[in-house]
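Visitor: Got a predicted model here, sequence first, then my questions.
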Amino acid sequence: MPDPEISYFELQAYVGTTKHMGGLETTKELIELCHINKGSYVLDVGCGVGATACYLAKRFGCRVIGVDIQESMIARSEERAQKEGVENLVEFKVADAQNLPFENALFDAVLCESVVTFIEDKQRVVSECARVTKSGGYVGLNEELWLKTPPAQVVERVRHIWSIKPNILTLEGWVELLEGAGLSNIVARTYKFDARRESTQVKRYRFEDMWRMFYRTLFLYIKSPAFRRYMAADRYLPKDTFEYLGYAIFAGRKP
Ligand SMILES: C[S@@+](CC[C@H](N)C(=O)[O-])C[C@H]1O[C@@H](n2cnc3c(N)ncnc32)[C@H](O)[C@@H]1O
């Protein structure tokens with residue numbers, strides 16, 4: 001059980017689900033933009049509980065490594081790979097996105113879904129992703145952004161609810177990071193929050209994952225005062241938040 005004061009990511013690892021905006025539908029678009037196929041060797045940076053890494057192995061039969069800074073995420077990812085029967089194709093490691101433990105030019109594609117937003121030194125992460133990508137390969141990101149300049153109250157609430165410590169970027173800010181990492185042919189697609197697309201979050205998980213998420217949340221609520229404090233903390237969002245907060249997928253090619 002996460003202990004004693006629950007962090008956003010510890011809680012997600014414990015219940016066994018992580019997410020990014022746009023769910024599976026957006027993952028599929030990112031995969032397409034990064035030209036991933038059966039022969040690709042893929043790195044998923046900030047893999048969370050391993051949903052995208054296992055999906056890639058199952059759908060394409062390609063080899064994938066997932067890394068995450070949190071050991072509990074890696075433990076969940078390994079369980080998932082076993083349960084989904086892809087442990088021969090997928091490997092997981094604890095690693096910091098800012099210092100990837102891989103040689104230069106190793107992967108055909110490097111994905112990061114809702115990870116760089118949470119890290120202060122974003123340029124370092126995107127440059128690390130580019131460093132470990134082969135020439136002709138792709139770096140693909142799915143990250144939160146401001147669609148237009150938000151009022152201070154929206155900024156404060158969004159950062160509080162999702163535990164985002166660094167500043168959230170604009171579209172131009174993200175593109176500059178990809179350019180700064182030496183990537184070319186940059187494609188960016190921006191999205192507004194859309195309930196239909198978000199509903200594809202659940203397609204990343206199996207029925208038993210959803211069931212576990214439900215009973216673990218309930219168990220925590222009953223057993224853990226820290227979790228009850230977390231849930232009771234002031235968690236509202238201004239109703240126009242999604243006028244300002246959106247997300248985008250980006251793909252850049254390593255020359
Ligand atoms: C919002 S979750 C997204 C997880 C996953 N990509 C998904 O789409 O389900 C962000 C993940 O990034 C991981 N993370 C945060 N900072 C990191 C860092 N410096 N290096 C590696 N992973 C990191 C967190 O532990 C968490 O699993």
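Guide: Received, thanks.
Visitor: now Ala105: how far from the ligand?
Guide: 20 Å (C-beta to the nearest ligand atom, to the nearest Å). Placement of C-beta: from N, CA and C, glycine included.
Visitor: got it, and Gly252?
Guide: Counting by C-beta to the nearest ligand atom, the gap from Gly252 to the ligand is 18 Å.
Visitor: now do Tyr8
Guide: Using C-beta to the nearest ligand atom, we find Tyr8 at a distance of 8 Å from the ligand.
Visitor: So that residue sits against Trp162, correct?
Guide: Yes - contact criterion C-beta atoms under 8 Å: Tyr8 and Trp162 qualify, at 7.0 Å.
Visitor: CA atoms only: put stretch 146-162 into PDB for me.
Guide: Provided in PDB are the C-alpha atoms of stretch 146-162 (Å, rounded to 0.1, in the frame of the first residue of the first chain):
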ATOM      1  CA  TRP A 146      -2.100  25.400 -23.200                       C
ATOM      2  CA  LEU A 147      -4.300  26.000 -26.300                       C
ATOM      3  CA  LYS A 148      -4.500  29.700 -25.300                       C
ATOM      4  CA  THR A 149      -3.200  31.800 -22.500                       C
ATOM      5  CA  PRO A 150      -5.000  30.600 -19.300                       C
ATOM      6  CA  PRO A 151      -6.100  32.600 -16.300                       C
ATOM      7  CA  ALA A 152      -3.900  32.200 -13.300                       C
ATOM      8  CA  GLN A 153      -6.600  30.300 -11.400                       C
ATOM      9  CA  VAL A 154      -6.800  27.600 -14.200                       C
ATOM     10  CA  VAL A 155      -3.000  27.300 -14.200                       C
ATOM     11  CA  GLU A 156      -2.900  26.800 -10.400                       C
ATOM     12  CA  ARG A 157      -5.800  24.300 -10.400                       C
ATOM     13  CA  VAL A 158      -4.500  22.200 -13.300                       C
ATOM     14  CA  ARG A 159      -1.000  21.900 -11.800                       C
ATOM     15  CA  HIS A 160      -2.400  21.100  -8.400                       C
ATOM     16  CA  ILE A 161      -4.900  18.400  -9.600                       C
ATOM     17  CA  TRP A 162      -2.400  16.500 -11.800                       C
END
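Visitor: Can you give me the buried ones in that stretch?
Guide: Across stretch 146-162, burial judged by 16 or more other C-beta atoms under 10 Å covers 146-147, 150, 154-155, 157-158.
Visitor: Please identify the residues of the stretch 51-200 of the chain in proximity to the ligand?
Guide: 51-52, 68-70, 73, 96-98, 113-115, 118-119 (C-beta under 6 Å from any ligand atom).
Visitor: In the helix or strand of the chain with the lowest mean pLDDT, which residues are buried?
Guide: Using mean pLDDT, DSSP states H and E, the weakest-scoring helix or strand in the chain turns out to be helix 225-232, at a mean of 82. Neighbour counts over helix 225-232 (16+ other C-beta under 10 Å) mark 226-227, 230 as buried.
Visitor: Can you list the helices and strands that that helix packs against?
Guide: Contacts defined by 3 or more C-beta pairs under 8 Å, 6 or more residues apart in numbering; DSSP states H and E place helix 225-232 against helix 207-223.
Visitor: What are the boundaries of the helices in this structure?
Guide: Along the chain, the segments classed as helices by DSSP state H run 8-15, 23-33, 51-60, 71-83, 122-131, 152-161, 171-180, 195-198, 207-223, 225-232, 241-244.
Visitor: which stretch in these is the model least sure about?
Guide: Note on the helices of the chain: lowest mean pLDDT is at helix 225-232, with a mean of 82.
Visitor: got the angle between that helix and helix 207-223?
Guide: Angle between the axes of helix 225-232 and helix 207-223 is 100 degrees (criterion: axes from the mean of the first three to the mean of the last three C-alpha atoms, to 10 degrees).
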